[in-house]
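# Quick check, what structure comes out for this input:
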Amino acid sequence: MVRTPLTPEERERGERLGRLLRDARGGRSMAEIAAGAGISAETLRKIETGRAPTPAFFTIAALARTLGLSMDDLVTRCGPAAVAPTTVVA
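Presented below is the predicted three-dimensional model:
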């Protein structure tokens, strides 16, 4: 399987996500958070370091639950840049 290269925006979004998760983890170990989310510590390490910048939705949802983060906050802080609303002229 050949993966499509990530865009610079996707890489930056993955780095923002990693920083947010690392900050939310605080002093708790990777192993503790990974176990709570049902993923491996290596997967968490890859997400936190930006080496896995596009993790699966359910992986992020499980991490958010374990870390006490809301999905709304994750989207606001890590989602694609907001697009300016367009005006429809009738």
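# Quick check: residue 48 touching residue 23?
No: between residue 48 and residue 23 there is no contact, the gap being 9.8 Å when judged by CB atoms under 8 Å. Using the backbone N, CA and C atoms, a C-beta is placed for each residue, glycine as well.
# Could you check which of these two has the larger neighbour count?
Set side by side, residue 48 and residue 23 show more neighbours around residue 48, with 22 against 10, by other CB atoms under 10 Å.
# show me what contacts that one?
Residues in contact with residue 48, defined by CB atoms under 8 Å, 6 or more residues apart in numbering, are 18, 21, 22, 25, 30.
# Ok, residue 25 next?
Counting by CB under 8 Å, 6+ apart, residue 25 has contacts 33, 48, 67.
# surely the last one meets residue 22?
No: contact between residue 67 and residue 22 fails when scored by CB under 8 Å: they sit 10.1 Å apart.
# just to revisit the earlier point, turn the contacts of residue 48 into JSON lines, including pLDDT and distance to residue 77.
Compiled in JSON lines, the contacts of residue 48 are given as follows (pLDDT from 0 to 100; distance: CB to CB, whole Å):
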{"residue": "18", "pLDDT": "93", "distance to residue 77": "12"}
{"residue": "21", "pLDDT": "94", "distance to residue 77": "11"}
{"residue": "22", "pLDDT": "94", "distance to residue 77": "13"}
{"residue": "25", "pLDDT": "94", "distance to residue 77": "15"}
{"residue": "30", "pLDDT": "95", "distance to residue 77": "21"}
